[in-house]
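K.L.:
give me coordinates for this.
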Amino acid sequence: MSTTIQAGYLVAAVLFVLGLKGLARPRTAVRGNLLASLAMLVAVIVTLTNEAIVSWPVLVAGLVAGTGVGVLLATRVQMTSMPELVALFNGFGGLASVLVVGASSDEVLGTPAEDVTYLAAATISALVGAITFSGSVVAFGKLGESLGSWSSSLARPLNIALAVASVVLVVVFVVDPGWIWLLALVALGLMLGLTVVFPIGGADMPVVIALLNSMSGLAAASTGFAIDNSLLIIAGALVGASGLVLTGVMCVAMNRTLGNVLFGSMASGGVIQDPHDVYDGKVRSASADDVALILDSARRVVIVPGYGLAVAQAQHAVRDLTLALEKRGIEVVFAVHPVAGRMPGHMNVLLAEAEIDYAQLIEMDVVNPTFAETDVAIVIGANDVVNPVARDERSAIAGMPILDVDAARTVVVIKRSLSPGFAGIPNPLFAADNTLMLFGDGKEAVVGINTALNQL
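P.N.:
Numbers count the residues shown, from 1 in each chain. Sure, this is the predicted structure:
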């Protein structure tokens, strides 16, 4: 490896670390993303300056094509589709690792250059990359609601059988390297990704997205060992480690183990009340005018965003309502649950798009003690993350940390209907004495409140 390439890798590695550090905080996240993107650009350019790999015309063509696709996705993809896009990115990362290992194996297999380090790294990269790709494709379909969940008593035995077969193939490939074993390993990985992710419900998608992100990093790092590329090892390790940490954070936020997410079901146990017993004769609906009158006399308002806000594209309407309330001297903050939405940080990204100040986004542990001093809590499209039955040890979501919105003086829930959240259980909050339901599209409801407020 030339000195120029090594120097370029060093610069890229530093930029990756700085980029990851920037992504740790909302205020520096955009800068961190730009630094990480620049690091990848530097890495690609310095690697491919070796014309033994690819000629300059092909390099430029690849950069132009990739930039074009990136710009197209950035400008066309709606915020509601961002989780699906993230899932696809994870999948493409896994697929890239499989393809790189395949290309390097074509040059290495059957030559004296074969060694245990390469063979072990290649198998891990091929297996994990294949699992990541197929699992991410399924996650993409489930997030876009084009695929449902598949559940069967045979799912766990099938996954165990595929996992054992994969381990056996890894050993066989290391002992007796050959294309047939490598291709079989990739095929098993693709099947394992499908059978593991298909049964997982939508409520667990934030955890799955974080895990797949970690796996794409692990595949990349293994590929780096296989082709002796130090930068790929560093970048893959950073992605893998950060994704694993995020997976742990998501599991803690749901009070579930990773094993339970992958092989269990959120509502597989516990008591689930009949919706008729929870709601009949107890739900009080309100109009936009009613809510505006309540807000006009409030001093502190907490807005709780959920996936329904993303579906309705209501973030800009919420910003307008926030500004209208602040003009009246009302304090407005946003309570953001770690697993609200369909990917980690979904609500943060959505509100940032509407230019809502990061300082107003309060984490669950900080905002929960303040609900008792809150005049109005407005829940927009959230369900499971505000369901008080999580405090009941007999419930299906027992122990899941929630936002304590029911402690506010008045709760306004904006929702299309009384349909349950991803966990599939009714929410007694909707029938609480201090709750008013404003049924309808999230954006239209918020616009109606803002209009009524401005007419007071």
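
K.L.:
alpha carbons only: can I get stretch 121-140 in PDB?
P.N.:
The C-alpha trace of stretch 121-140 is given here as PDB (Å, rounded to 0.1, in the frame of the first residue of the first chain):
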ATOM      1  CA  ALA A 121     -12.800 -13.100   8.000                       C
ATOM      2  CA  ALA A 122     -14.300 -13.900   4.600                       C
ATOM      3  CA  THR A 123     -16.800 -16.300   6.100                       C
ATOM      4  CA  ILE A 124     -17.900 -13.800   8.800                       C
ATOM      5  CA  SER A 125     -18.300 -11.100   6.200                       C
ATOM      6  CA  ALA A 126     -20.300 -13.200   3.800                       C
ATOM      7  CA  LEU A 127     -22.600 -14.600   6.500                       C
ATOM      8  CA  VAL A 128     -23.200 -11.400   8.400                       C
ATOM      9  CA  GLY A 129     -23.500  -9.400   5.200                       C
ATOM     10  CA  ALA A 130     -26.100 -11.700   3.700                       C
ATOM     11  CA  ILE A 131     -28.100 -11.700   6.900                       C
ATOM     12  CA  THR A 132     -28.000  -7.900   7.000                       C
ATOM     13  CA  PHE A 133     -29.100  -7.600   3.400                       C
ATOM     14  CA  SER A 134     -32.100  -9.900   3.500                       C
ATOM     15  CA  GLY A 135     -33.100  -8.800   7.000                       C
ATOM     16  CA  SER A 136     -33.000  -5.200   5.900                       C
ATOM     17  CA  VAL A 137     -35.100  -5.900   2.900                       C
ATOM     18  CA  VAL A 138     -37.700  -7.500   5.100                       C
ATOM     19  CA  ALA A 139     -37.500  -4.500   7.500                       C
ATOM     20  CA  PHE A 140     -38.000  -2.200   4.600                       C
END
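
K.L.:
how far is that stretch from where the chain is centred?
P.N.:
On the basis of C-alpha atoms, centre = their mean, to the nearest Å, stretch 121-140 is displaced by 17 Å from the centre of the chain it belongs to.

K.L.:
now do residue 261 against residue 248, distance only.
P.N.:
According to C-beta to C-beta, to the nearest Å, residue 261 stands 11 Å off from residue 248. C-beta: built from backbone N, CA, C; applies to glycine.

K.L.:
more neighbours: which of these two?
P.N.:
Between residue 261 and residue 248, counted using other C-beta atoms under 10 Å, residue 261 has the larger neighbour count: 23 against 15.

K.L.:
what helix or strand is that one on?
P.N.:
Residue 261 belongs to helix 258-263 when assigned by DSSP states H and E.

K.L.:
just the buried residues of the very next helix or strand once past that helix, please?
P.N.:
Once helix 258-263 ends, the next helix or strand along the chain (criterion: DSSP H and E) is helix 275-279. Residues 275, 278, 279 are the ones in helix 275-279 that count as buried (16 or more other C-beta atoms under 10 Å).

K.L.:
restrict stretch 338-345 to CA atoms and write it as CSV.
P.N.:
Written as CSV, here are the backbone C-alpha positions of stretch 338-345 (Å, rounded to 0.1, in the frame of the first residue of the first chain):
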residue,chain,number,x,y,z
PRO,A,338,-36.4,6.8,22.7
VAL,A,339,-38.5,4.4,20.6
ALA,A,340,-41.2,6.8,19.3
GLY,A,341,-41.6,6.3,15.6
ARG,A,342,-40.1,3.5,13.6
MET,A,343,-36.4,4.1,13.9
PRO,A,344,-34.0,5.4,16.5
GLY,A,345,-34.2,9.2,16.6
